[in-house]
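> curious how this folds, go ahead:
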Amino acid sequence: MTVDAMEYFNSTRHIILYYEDLINNQKKLMEVQEFLWVPLRDLQSRQVKIHTRPISKQVENWLDVYNTLKGTHYEVFLNQPDYPSN
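Prediction:
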(Lines give C-alpha, C1' and ligand atoms only; values in the text may rest on other atoms or scores of the structure.)
Protein backbone atom coordinates (compact mmCIF):
# COMPACT_ATOMS: atom_id res chain seq x y z
CA MET A 1 0.00 0.00 0.00
CA THR A 2 2.82 2.42 0.83
CA VAL A 3 4.53 1.61 -2.45
CA ASP A 4 1.31 2.33 -4.35
CA ALA A 5 0.94 5.69 -2.61
CA MET A 6 4.56 6.58 -3.33
CA GLU A 7 4.10 5.76 -7.02
CA TYR A 8 0.84 7.70 -7.21
CA PHE A 9 2.33 10.81 -5.59
CA ASN A 10 5.81 10.55 -7.12
CA SER A 11 5.48 13.96 -8.78
CA THR A 12 4.19 15.59 -5.58
CA ARG A 13 6.47 17.05 -2.93
CA HIS A 14 6.10 14.75 0.07
CA ILE A 15 7.70 13.58 3.26
CA ILE A 16 7.66 10.11 4.79
CA LEU A 17 6.94 10.38 8.48
CA TYR A 18 6.43 7.72 11.12
CA TYR A 19 4.85 8.31 14.50
CA GLU A 20 7.69 6.46 16.20
CA ASP A 21 10.18 8.90 14.66
CA LEU A 22 8.31 11.83 16.19
CA ILE A 23 8.24 10.16 19.59
CA ASN A 24 11.88 9.08 19.59
CA ASN A 25 13.52 12.00 17.79
CA GLN A 26 12.76 15.62 18.70
CA LYS A 27 14.74 16.74 15.65
CA LYS A 28 12.15 15.12 13.38
CA LEU A 29 9.65 17.85 14.27
CA MET A 30 12.15 20.42 13.01
CA GLU A 31 12.44 18.51 9.74
CA VAL A 32 8.65 18.54 9.37
CA GLN A 33 8.54 22.30 9.96
CA GLU A 34 11.27 22.82 7.39
CA PHE A 35 9.38 20.64 4.91
CA LEU A 36 6.21 22.69 5.47
CA TRP A 37 8.16 25.96 5.09
CA VAL A 38 6.83 27.32 8.36
CA PRO A 39 8.83 29.27 10.94
CA LEU A 40 10.74 26.94 13.23
CA ARG A 41 9.38 26.68 16.74
CA ASP A 42 10.34 24.56 19.71
CA LEU A 43 7.38 22.19 19.70
CA GLN A 44 6.56 20.18 22.79
CA SER A 45 3.86 17.57 23.12
CA ARG A 46 1.52 17.88 26.07
CA GLN A 47 0.47 14.28 25.74
CA VAL A 48 1.34 12.04 28.61
CA LYS A 49 1.71 8.32 28.88
CA ILE A 50 -1.46 6.81 30.31
CA HIS A 51 -0.52 3.14 30.47
CA THR A 52 2.34 2.25 32.77
CA ARG A 53 2.07 -1.54 32.79
CA PRO A 54 3.29 -3.82 29.99
CA ILE A 55 0.65 -4.66 27.38
CA SER A 56 0.69 -8.28 28.51
CA LYS A 57 -0.64 -7.10 31.89
CA GLN A 58 -3.31 -4.87 30.34
CA VAL A 59 -4.84 -7.33 27.88
CA GLU A 60 -7.06 -9.83 29.67
CA ASN A 61 -6.63 -12.57 27.04
CA TRP A 62 -2.95 -11.89 26.37
CA LEU A 63 -2.04 -15.56 26.12
CA ASP A 64 -4.63 -16.03 23.36
CA VAL A 65 -3.37 -12.94 21.53
CA TYR A 66 0.23 -14.07 21.91
CA ASN A 67 -0.45 -17.59 20.67
CA THR A 68 -2.49 -16.29 17.73
CA LEU A 69 0.20 -13.87 16.56
CA LYS A 70 3.23 -16.07 17.24
CA GLY A 71 4.61 -17.41 13.99
CA THR A 72 2.88 -14.76 11.86
CA HIS A 73 4.38 -11.59 10.41
CA TYR A 74 2.67 -9.74 13.31
CA GLU A 75 4.84 -11.53 15.86
CA VAL A 76 7.26 -8.58 15.82
CA PHE A 77 4.66 -6.55 17.75
CA LEU A 78 4.52 -8.98 20.67
CA ASN A 79 7.77 -8.00 22.36
CA GLN A 80 8.35 -4.42 21.29
CA PRO A 81 9.57 -2.09 24.01
CA ASP A 82 7.19 0.63 25.01
CA TYR A 83 7.75 4.20 23.85
CA PRO A 84 9.99 6.22 26.13
CA SER A 85 8.19 8.46 28.58
CA ASN A 86 8.87 12.18 28.34
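
> for the protein, which segments are assigned as strands?
For the chain, no strands are identified by DSSP state E.

> what about it, any weak spots by pLDDT?
1, 81-86 (pLDDT under 70).

> what is the burial count for the closest residue to residue 62 other than its chain neighbours?
In space, and not counting its chain neighbours, residue 62 is closest to residue 56: 4.6 Å by CB to CB, 6 or more residues apart in numbering. From N, CA and C alone the C-beta is placed, and that goes for glycine too. A count of neighbours around residue 56, defined by other CB atoms under 10 Å, yields 12.

> now do residue 56 against residue 49, distance only.
17 Å (CB to CB, to the nearest Å).

> measure residue 44 to residue 4 for me?
35 Å.

> I meant residue 53, not that one.
38 Å.

> then residue 28?
24 Å.

> same thing with residue 47?
Counting by CB to CB - residue 47 and residue 4 are separated by 31 Å.
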